[in-house]
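Got a predicted structure here, sequence first:
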Amino acid sequence: MKQRIYLDNAATTSLEPEVLDAMMPYLTTHFGNPSSIYSYGRESRMAIENARKSVAKILNAHPAEIFFTSGGTESSNTAITGAVRFLGCKHIISSVIEHHATTHTVEHLHKTGEAKLSYVNVLPNGHIDLEHLESLLAESEEKCLVTLMHANNEIGNMIDLHTVGNICKQYHAIFHSDTVQTVGHFPFDLRNTPVHFITGAGHKFHGPKGAGMLYINENVKIEPFVHGGSQERNMRAGTENLYGIVGFAKALELATKHYEEDSIYIKDLKNYMMETLKTHIPEVGFNGDPLGESLYAVLSVSLPKTEMSEMLLFNLDINGICASGGSACTSGADQGSHVIRAINNDPNRVTIRFSFSKHNTTEEIDTVVEQLKKMI
């Protein structure tokens, strides 16, 4: 069987061997329930609290502000719903290019009549129109929740958390940012960032699936989304995902330790792919702002539609190449991408997203471009 080329790291990443090593004891000998008071339970409790301290230290937050969840979707649901129900936000301002974890949550709250919903304009290059955001906040009669993602999972465009946070502060708005694509990929300094909620998912940075986090700034208090036990300091009921939490913290520690070299290497791969594509496929285009404020691991490529290119992902897959059409979270139901529709709704072009990790090579990119050339 030929070697697979995996270029869908924004969907999920491979588990680092060191992360698995850190998790193994909690899958085998240290299996106690963290809520039990005997030594087996105390061992588990200690592992979770050490993970919390480690994550808090890396993000420069207080351990009491870090809550472990099942991933980014649960974290965003908890923060957005909490802001509406317990922080008095009766007006949500979001964008049409958010991840569905946000979009579907805000639409649900709007539909149930719990909050008014406004969308901030998206500029043709995929960036958020900050002047429009400011005017929406200025005009609002209700307290607002602003929910805008840090880096878009399909096109890679990034907002500046400080700029947006300061605009929110000026209008006493609550600010939630879906940072699933950036936690583990960028340094954070939450004590000095004007944001109330951020999210993370271990599987985006070589950690386990099913383990995530929610940062809740100590100045805001919300109630749980999931009810039952008193786990996670009464914020999330249910027996903790012990080995997942240990793996999340270890993956974040490794990602942070190697951030400098990894980010430079991955960014070079992205630039190399852009240049190689331009050389071999002159009609190629790129969605978003790939050379500007953009996530170094994501490249959204726009190609002319041909008989072959309509089956692009399928043909790449046959050749052992993994990439995604829009966002992987909906790859089963191919209705096209809501993000691409919002910024570049050209029926004569197809979009394919390549997302890179430190394990990819320029040789792999050469192979992929060679295959694309045959198909276009």
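Perfect, I can see it now.

alpha carbons only for contacts and neighbour counts from here, please
OK.

mind checking how far residue 78 is from residue 352?
31 Å (C-alpha to C-alpha, to the nearest Å).

repeat for residue 76
26 Å.

So the two - more neighbours on which side?
Neighbours per residue (other C-alpha atoms under 10 Å) separate residue 76 from residue 352, with residue 76 holding more: 27 against 21.

That one against residue 179, yeah?
No. With contact defined as C-alpha atoms under 8 Å, residue 76 does not reach residue 179; the gap is 9.6 Å.

how about the helices in the stretch 101-250 of the chain?
Assigned by DSSP state H, counting those that start in this stretch, the helices in the stretch 101-250 of the chain fall at 130-139, 161-170, 231-234, 242-257.

contact partners of stretch 275-284?
Contact with stretch 275-284 is made by 301-304, 366, 369, 373, 376, as judged by C-alpha atoms under 8 Å, 6 or more residues apart in numbering.

buried stuff in that stretch?
Of the residues in stretch 275-284, 276-277, 281, 284 count as buried by neighbour count, 16 or more other C-alpha atoms under 10 Å.

And stretch 41-61, by the same measure?
Quick answer for stretch 41-61 (16+ other C-alpha under 10 Å): 41-45, 47-48, 50-56, 58-61.

got it, and stretch 200-219?
The neighbour-count criterion (16+ other C-alpha under 10 Å) identifies 200-217 as the buried residues of stretch 200-219.

and that stretch, how far from the chain's centre?
9 Å (C-alpha atoms, centre = their mean, to the nearest Å).

before we move on, what about stretch 106-123?
Distance, centroid of stretch 106-123 to centroid of chain: 20 Å (C-alpha atoms, centre = their mean).

In CSV, list the C-alpha atoms belonging to that stretch.
Below are the C-alpha coordinates for stretch 106-123, written out as CSV (Å, rounded to 0.1, in the frame of the first residue of the first chain):
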residue,chain,number,x,y,z
VAL,A,106,-26.3,31.4,18.5
GLU,A,107,-29.0,30.5,16.0
HIS,A,108,-30.6,28.2,18.6
LEU,A,109,-30.6,30.9,21.2
HIS,A,110,-32.1,33.3,18.7
LYS,A,111,-34.7,30.8,17.6
THR,A,112,-35.8,30.2,21.3
GLY,A,113,-36.2,34.0,21.7
GLU,A,114,-33.4,34.1,24.3
ALA,A,115,-31.2,36.6,22.4
LYS,A,116,-31.3,38.9,19.4
LEU,A,117,-28.7,38.0,16.7
SER,A,118,-26.7,40.3,14.4
TYR,A,119,-23.9,39.4,12.0
VAL,A,120,-20.9,41.6,11.5
ASN,A,121,-19.9,42.1,7.8
VAL,A,122,-17.1,40.0,6.4
LEU,A,123,-14.8,41.7,4.0
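
low pLDDT regions in this structure?
Residue ranges of the chain with pLDDT under 70: 1-2, 326-335.

Nearest to the spatial middle of the protein, which residue is it?
By C-alpha atoms, centre = their mean, the chain has its centre lying nearest to residue 180, at 2.3 Å.

how near is that one to residue 254?
Taking C-alpha to C-alpha as the measure, residue 180 falls 17 Å from residue 254.

Kindly report the same for residue 198.
For residue 198, the distance to residue 254 - C-alpha to C-alpha - is 20 Å.
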